[in-house]
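K.L.:
Let me see the structure of the following:
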Amino acid sequence: MSRTIQGIGVSPGVSCAPAMILQWEFPEVPDRTVRPEEVDAEIRRLREAVEYVVSHLRELGERVLQRAGPEESRIFDAQMLMAEDQEFLASVETLIRNNQLSAETAYEFKALELRNLWSGAARLRERLADLHAIQLRIINRLMGRAGSELWAMPADEQVIVVAHELSPGLTVQLDREHVVGLVSEEGTRTAHAAILAHSLGIPAVMGAAGALAGIPSGTMLLLDGQSGTIVLDPTRGELEDAKTQVSRRHKLELQLEGVVEQPAVTPSGQPILLMGNVDLPEEIEPAVRMGAQGVGLLRTEFLLTGRATLPTEDEQTAYFRRVALAFRGSTVIIRSFDLGGDKFPAAFKAPIEANPFLGWRSIRVCLDEPEVFRPQIRAVLRAAAGRDMQLMLPLVTLVEEVLEARAMVAEEAEALRRAGVSAAETLAVGVMIETPAAVLMADQLADVSAFFSVGTNDLTQYTMAVDRGNARLAARFTPHHPSIVRQLKLVVDVGKAKGLPVSVCGEMASEALSAVLLLGLGYDRLSVSPPALPLVKWVVRTVPDEAARRAATWALAASSAQEVSEALRSVVSEYIDVRLLDPHSTLPGRGRVASLPPR
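P.N.:
Now for the predicted structure:
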């Protein structure tokens with residue numbers, strides 16, 4: 001058996017720890033009946049198992065509350081409600097009484113019945129994962145099995161979690177003190193769980209085919225979240241090599257700290273606005289510490305993820321104010337709920353669709369569900385009083401969508417004014433460019449928008465007809481494809497012609513090599529994942545403007561993604577040791593190159 005598994009590095013960093021396998025398959029539950037006089041005892045066992053699981057979920061929620069705040073801890077409310085669903089538990093108790101079944105036999109039967117009702121609905125995927133996890137915990141308790149539970153870990157133990165798939169909801173719940181690495185058989189760099197892992201600074205590898213079958217629980221793993229390599233039972237020599245690599249990266253990180261306080265300007269003195277992407281409340285402080293010049297993308301979906309109820313207007317207002325206070329004097333761009341695809345939360349009743357990524361999602365949901373969208377608009381208006389806050393609409397494809405959203409903003413602003421509520425008189429409303437349709441209509445969209453922000457993750461997905469979360473197609477999913485590069489150029493040119501600010505907030509902006517390409521294409525605003533801010537700023541300050549434009553010119557003339565990548569490496573290697581930016585690069589540095597920032 002091979003000691004090495006190759007996946008896709010989605011969050012940089014090296015970690016070494018035992019593997020904790022998250023097996024989400026139900027154990028073999030025997031078909032067991034009980035005597036009539038034992039029925040009441042079985043029902044008591046069922047209730048005790050539910051109480052046990054709920055108490056641990058409550059404890060986990062309290063830990064998250066202390067670590068990250070009330071917004072994230074509410075995720076566990078919905079999970080506790082799932083565990084205590086009275087209608088479901090009553091059906092299990094009826095099965096026990098009528099058929100004299102053991103608690104675990106009856107529970108498994110009803111659990112599988114419910115899962116079958118939910119299966120086939122792509123929009124229920126995350127809710128189904130949460131439901132399955134709750135049911136598995138209860139069955140394990142009934143059968144006296146420990147299961148793979150992070151809450152059962154000793155306080156001083158650290159692990160690398162290995163799973164078939166990591167949902168955003170699960171990733172949010174991970175305790176960063178215990179979980180030092182993530183391995184998933186499914187997923188790619190732009191899967192939502194990967195973006196969260198990168199933002200949280202957890203080294204992660206996705207698309208690691210065969211990981212569950214090839215990694216026994218407890219096996220010592222050496223994980224490299226940049227190269228995507230996982231080594232089982234590493235030798236002393238491999239550990240020493242890893243320590244050298246970690247030392248080198250740590251030295252780079254320490255020296256990059258000096259870059260944080262320096263201005264984001266190119267060698268010729270052109271200022272570049274480097275903002276931060278904020279997914280979760282606990283990313284606010286790192287974004288500020290890493291020198292983010294405001295927030296270019298404040299994702300709001302976590303306010304809904306796993307919750308039993310929709311967030312109130314007051315809850316949203318409080319969170320938006322919290323972010324604005326952290327970035328006092330800087331712009332904060334709030335993206336309206338980007339629901340749909342794999343991001344419908346438990347609190348939302350969503351229809352079943354054959355192809356959810358091409359269906360009812362993002363701005364379409366917001367406009368169709370004003371009872372969800374209008375409270376969010378009011379919350380942004382209230383938080384924006386005396387502050388520079390803007391609203392960004394995701395997945396816009398029609399001019400009419402922008403006009404309708406702007407009309408809602410005007411109506412809610414007027415309603416707040418009449419009610420005497422402190423709020424901004426209006427909001428700058430911008431558009432995310434995420435589809436070829438939006439690119440081709442950019443000139444028309446510019447006439448009704450305050451700004452553009454290019455979401456390269458979805459733009460790549462929709463242009464290349466490649467599912468961004470499909471590990472089998474990961475090699476085809478790249479923003480370096482010439483079709484993406486040419487669309488990026490078209491959008492920034494439209495913005496300049498119309499006098500409209502244009503930024504990039506997709507993961508492409510957080511990749512140092514890709515950032516050089518964006519600068520060469522003419523972008524002067526990037527919204528970056530907080531951990532990547534110092535490195536991107538260093539590259540901005542190191543690579544000359546002329547070189548970036550030269551790389552962009554070559555990329556626009558390229559016929560393949562490989563040619564674009566090679567052009568970037570070739571140009572950047574004249575000034576930087578590209579191995580610091582791209583673990584797959586084989587190009588040596590030429591001439592005088594910067595291997596580390598100056599002290």
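K.L.:
ranges for the helices of the stretch 301-450 of the chain?
P.N.:
313-326, 363-368, 370-383, 399-418, 436-440, 442-446 (DSSP state H, counting those that start in this stretch).
K.L.:
per-residue pLDDT, the nearest residue to residue 272 once chain neighbours are set aside?
P.N.:
Closest residue in space to residue 272, ignoring its immediate chain neighbours: residue 264 at 4.7 Å, by CB to CB, 6 or more residues apart in numbering. For the C-beta atoms, the positions are set from N, CA and C on the backbone; glycine is no exception. As predicted, residue 264 sits at a pLDDT of 96.
K.L.:
Next: residue 324.
P.N.:
96.
K.L.:
Please apply the same query to the one 5 residues further on.
P.N.:
Predicted confidence (pLDDT) for residue 329: 91.
K.L.:
Neighbours of it, how many?
P.N.:
9 (other CB atoms under 10 Å).
K.L.:
Measure how far the biggest strand by length in the chain is from the centre of its chain, please.
P.N.:
In the chain, ranked by residue count with DSSP state E as the criterion, the top strand is strand 14-22. In this view, strand 14-22 has its centroid 21 Å away from the chain centroid, taken as CA atoms, centre = their mean, to the nearest Å.
K.L.:
Counting by contacts, list what that strand packs against.
P.N.:
Secondary-structure packing of strand 14-22 (3 or more CB pairs under 8 Å, 6 or more residues apart in numbering; DSSP states H and E): strand 159-163, strand 179-184, strand 220-224, helix 236-260.
K.L.:
Give me the buried positions along the longest one.
P.N.:
Burial within helix 236-260, assessed by neighbour count using 16 or more other CB atoms under 10 Å, is assigned to 242, 252, 256, 259.
K.L.:
Mind putting the helices and strands packed on strand 14-22 into TSV with mean pLDDT and distance to residue 323?
P.N.:
Shown next, in TSV, are those (pLDDT from 0 to 100; distance: least, CB to CB, whole Å):
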stretch	mean pLDDT	distance to residue 323
strand 159-163	92	29
strand 179-184	92	25
strand 220-224	94	32
helix 236-260	83	20
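K.L.:
was I right about residue 435 contacting residue 397?
P.N.:
Yes - using CB atoms under 8 Å, residue 435 makes contact with residue 397 at a distance of 5.6 Å.
K.L.:
Surely residue 239 is in contact with residue 222?
P.N.:
Yes - at 6.8 Å, residue 239 counts as touching residue 222 under the criterion of CB under 8 Å.
K.L.:
list residues touching both of those two?
P.N.:
residue 16 (CB atoms under 8 Å, 6 or more residues apart in numbering).
K.L.:
rewinding a little: adding distance to residue 76, write the helices and strands packed on strand 14-22 out as a markdown table.
P.N.:
Listed next are those as a markdown table, based on distance: least, CB to CB, whole Å:
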| stretch | distance to residue 76 |
| --- | --- |
| strand 159-163 | 18 |
| strand 179-184 | 17 |
| strand 220-224 | 28 |
| helix 236-260 | 33 |
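K.L.:
closest to residue 401 out of the ones you listed?
P.N.:
Among these, strand 179-184 comes nearest to residue 401, with 34.0 Å by CB to CB.
K.L.:
Just the angle for that closest one relative to strand 14-22, thanks.
P.N.:
Going by axes from the mean of the first three to the mean of the last three CA atoms, to 10 degrees, strand 179-184 is angled at 60 degrees with respect to strand 14-22.
K.L.:
What lies in contact with strand 179-184?
P.N.:
5, 7, 11, 13, 15, 17, 19, 150, 158-166, 171, 174, 193, 197, 202-208, 211, 215, 221, 223, 225, 230.
K.L.:
picking up where we left off before, quick one, what contacts the residue nearest to residue 272?
P.N.:
271, 272, 273, 274, 291, 293, 537, 540, 541.
K.L.:
so how far is residue 515 from it?
P.N.:
Using CB to CB, to the nearest Å, residue 264 is found at 11 Å from residue 515.
K.L.:
list the residues that contact both of the two?
P.N.:
With CB under 8 Å, 6+ apart as the test, residue 264 and residue 515 both reach residue 540.
K.L.:
sorry, back to before: out of the helices and strands packed on strand 14-22, which is closest to residue 455?
P.N.:
strand 179-184 (22.6 Å).
K.L.:
quick one: the closest one to strand 159-163, angle?
P.N.:
Using the same axes, to 10 degrees: strand 179-184 against strand 159-163 is 20 degrees.
K.L.:
which stretches of the stretch 451-599 of the chain form helices?
P.N.:
With DSSP H, counting those that start in this stretch as the criterion, the stretch 451-599 of the chain has helices spanning 456-464, 482-498, 512-521, 533-542, 545-557, 561-572.
K.L.:
Just name the shakiest helix or strand of this structure by mean pLDDT.
P.N.:
Of all regular secondary-structure elements in the chain, judged by mean pLDDT, DSSP states H and E, the least confident is helix 168-173 with a mean of 63.
K.L.:
May I have the residues that are in contact with the closest residue to residue 396 other than its chain neighbours?
P.N.:
Using CB to CB, 6+ apart and skipping the chain neighbours, the partner closest in space to residue 396 is residue 431 (4.7 Å). By CB under 8 Å, 6+ apart, the residues touching residue 431 are 392, 393, 396, 402, 438, 445, 449, 451, 452, 453.
K.L.:
which one is the second one nearest to, not counting chain neighbours?
P.N.:
Counting by CB to CB, 6+ apart, the nearest residue to residue 393 once its immediate chain neighbours are dropped is residue 363, at 5.0 Å.
K.L.:
what's the neighbour count on that neighbour?
P.N.:
Neighbour tally, residue 363, other CB under 10 Å: 25.
K.L.:
Would you agree it is in contact with residue 337?
P.N.:
No - Residue 363 is beyond contact range of residue 337, at 9.1 Å (criterion: CB under 8 Å).
K.L.:
re the thing from before, and the next helix-or-strand element following the longest strand of the chain, what other elements does it pack with?
P.N.:
The element immediately downstream of strand 14-22 (helix or strand, assigned by DSSP states H and E) is helix 39-68. For helix 39-68, the elements it packs on are helix 70-73, helix 75-83, helix 86-99, helix 103-118, helix 125-142, judged by 3+ CB pairs under 8 Å, 6+ apart.
K.L.:
With residue 382 as the reference, name the closest of those.
P.N.:
helix 70-73 (17.0 Å).
K.L.:
mind listing what's buried in stretch 214-234?
P.N.:
214-215, 221-232, 234.
K.L.:
Of these, which is the nearest to residue 473?
P.N.:
Once CB to CB is applied, the member of those that ends up nearest residue 473 is residue 228, at 15.6 Å.
K.L.:
and the residue lying closest to that closest one once chain neighbours are set aside, backbone torsions?
P.N.:
In space, residue 228 comes closest to residue 9 once its chain neighbours are excluded; the distance is 3.7 Å by CB to CB, 6+ apart. Main-chain torsions, residue 9, degrees, to the nearest 10: phi -70, psi 120.
K.L.:
Contact partners for residue 9?
P.N.:
Neighbours of residue 9 in contact, by CB under 8 Å, 6+ apart: 189, 204, 205, 224, 225, 226, 227, 228, 229, 583.
K.L.:
how does it look with 10 Å?
P.N.:
Residue 9 makes contacts with 189, 194, 203-207, 223-229, 583-584, as judged by CB atoms under 10 Å, 6 or more residues apart in numbering.
K.L.:
Kindly report the same for residue 110.
P.N.:
88, 89, 90, 91, 92, 93, 94, 95, 96, 135.
K.L.:
which two from those end up farthest apart in space?
P.N.:
Once CB to CB is applied, the contacts of residue 110 give 94 and 135 as the farthest pair, at 17.5 Å.
K.L.:
Mind checking which of those two has more residues around it?
P.N.:
Neighbour count, other CB under 10 Å: between residue 94 and residue 135, residue 135 has more, with 23 against 12.
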